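> Build me a model:
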Amino acid sequence: MQFPRRFPDWQVPFVVALACVVAAAWGDAARELLRYDRPAIVDAEYWRLLSGHFVHLGVPHLALNLAGLVLVWLLVGRLYNTRQWILAAAISILAMALGFWFLDEGLRWYVGLSGLLHGLLLAGAIRGLRSLPAESVVICAMVFAKLAYEQVAGPLPGSESAAGGAVVVNAHLYGAIGGVLAAGVLWRSARTPASI
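Model prediction:
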């Protein structure tokens, strides 16, 4: 596995992690103010459509998501440049916002980075099909199998106790759909990564 060689390749995860840590340091007040909260969004608190992805249930939830962010970046971080990753993140977040709003009307509130992580991982893995096909096929297959399991059986065993609360599996699905859409948008513009 090749680590991205330049700091700019780590700008996106660094900014995401920093936003999550700052929100966590702010405590319960940040979670209440920033979480995706349907009634508050109805009352024109639109920032929650974005900010809800950067607040967490607690330190264990945050630690799991940050570990996942590092893993995603080690696996696929080199496959796009910073602007492309920002676009992939934006498309994934938009897919989650639309999914929550139109398909999960009963979802009152949500926090966490895991949906975005699913989107970023799939966006990168699909891009990797060009240059790292075996590795990328394995990643895609594992993500799709996990998503299918969650849709049929619910959260993976132990995930709710590890996170410290309920897991919204549709966040993973909607984020993944956004990642697939982002990969399609970025398919022609992505750079060719260095070989492993």
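> For the residue nearest to the spatial centre of the chain, which residues are in contact?
The centroid of the chain falls nearest to residue 116 when counting by CA atoms, centre = their mean (1.4 Å). Shown in contact with residue 116 (CB atoms under 8 Å, 6 or more residues apart in numbering): 16, 53, 89, 92, 93, 96, 175. The C-beta positions use only the backbone N, C-alpha and C, and glycine is treated the same way.
> Work out for me the element it sits within.
helix 114-128 (DSSP states H and E).
> shaky segments in the chain?
Where the chain drops to pLDDT under 70, the residues are 1-8, 190-196.
> Would you check how far apart the closest residue to residue 20 other than its chain neighbours and residue 24 are?
Distances taken as CB to CB, 6 or more residues apart in numbering place residue 54 nearest to residue 20, at 5.1 Å, with adjacent residues excluded. Here residue 54 is placed at a distance of 9 Å from residue 24 (CB to CB, to the nearest Å).
> More neighbours: which of the two?
With neighbours defined as other CB atoms under 10 Å, residue 54 and residue 24 compare such that residue 54 has more, 24 against 19.
> Show the contacting residues for the more buried one.
16, 19, 20, 23, 34, 113.
> now with 7 Å?
19, 20, 23, 34, 113 (CB atoms under 7 Å, 6 or more residues apart in numbering).
> so of those, which ones are in helices?
The members of the contacts of residue 54 that map onto helices under DSSP state H are 19, 20, 23, 34.
> In TSV, list these along with neighbour count and distance to residue 181.
Output for the ones in helices among the contacts of residue 54, formatted as TSV (neighbours: other CB atoms under 10 Å; distance: CB to CB, whole Å):
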residue	neighbour count	distance to residue 181
19	16	23
20	21	24
23	21	27
34	21	25
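> Format those as TSV; extra columns: distance to residue 186.
What follows is the ones in helices among the contacts of residue 54, written out as TSV (distance: CB to CB, whole Å):
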residue	distance to residue 186
19	23
20	24
23	28
34	28
